[in-house]
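Undergrad: Turn this into a structure:
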Amino acid sequence: MIDFAHLKKLAEASAAVTVACSCHDAALLAWQQLPLTLELEQFEEVDSLVEDPYDEPAFAEYHPAGTRYESEQAPIAPRYYPYNRCQLARCVKCSRHYLRYNEAGGYFTEMRIRALRPQLLVDAPL
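TA: Alright, predicted model coming up:
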């Protein structure tokens, strides 16, 4: 599991990337289904935000400013849903970092992805 300081460092490095890339063009600022314009193979898993793979993480969300899950300005709080279920992925073409998790509900599963943005990272306790 990645610690918050290292996550912040990777987010800052990702934000500094200026290379044109299809992952950046997709504007993954809020959680969304992996766009059809991107291939799953374009991303490599580099770490995890899951604290204990044998424990069921909580579904509590962190939105102190009234944001919602689908908001571009929603905080990225690693101990809260859905971040507590995320893997950290890096684009193999440009080295930007993204958060990914598999949304499972009812009769479907769906890969969701969001850009790792340093200005939204919050080390909020549970």
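
Undergrad: State the number of residues packed around I76.
TA: The number of residues packed near I76 is 23, by other Cβ atoms under 10 Å. No exception for glycine: its C-beta is placed from N, CA and C like everyone else's.

Undergrad: What residues of the helix or strand that contains A11 count as buried?
TA: Using DSSP states H and E, A11 sits within helix 4-15. Within helix 4-15, the residues scored as buried using 16 or more other Cβ atoms under 10 Å are 7-8, 10-11, 14.

Undergrad: What segments of the protein are strands?
TA: 32-33, 43-48, 87-91, 97-105, 108-115 (DSSP state E).

Undergrad: quick one: contacts of the helix holding A11?
TA: For helix 4-15, contacts defined as Cβ atoms under 8 Å, 6 or more residues apart in numbering pick out 2, 47, 49, 78, 88, 95-97, 115-118, 121, 123.

Undergrad: what's the angle from it to strand 97-105?
TA: Helix 4-15 runs at 110 degrees relative to strand 97-105, counting by axes from the mean of the first three to the mean of the last three Cα atoms, to 10 degrees.

Undergrad: rewinding a little: separate out the buried members of the contacts of helix 4-15.
TA: Here, 16+ other Cβ under 10 Å leaves 2, 47, 49, 78, 88, 96-97, 115-118, 121 buried among those.

Undergrad: Need the max-distance pair from those residues.
TA: Using Cβ to Cβ, the pair of those lying farthest apart is P78 and R96, separated by 18.3 Å.

Undergrad: Brilliant, that's me finished.
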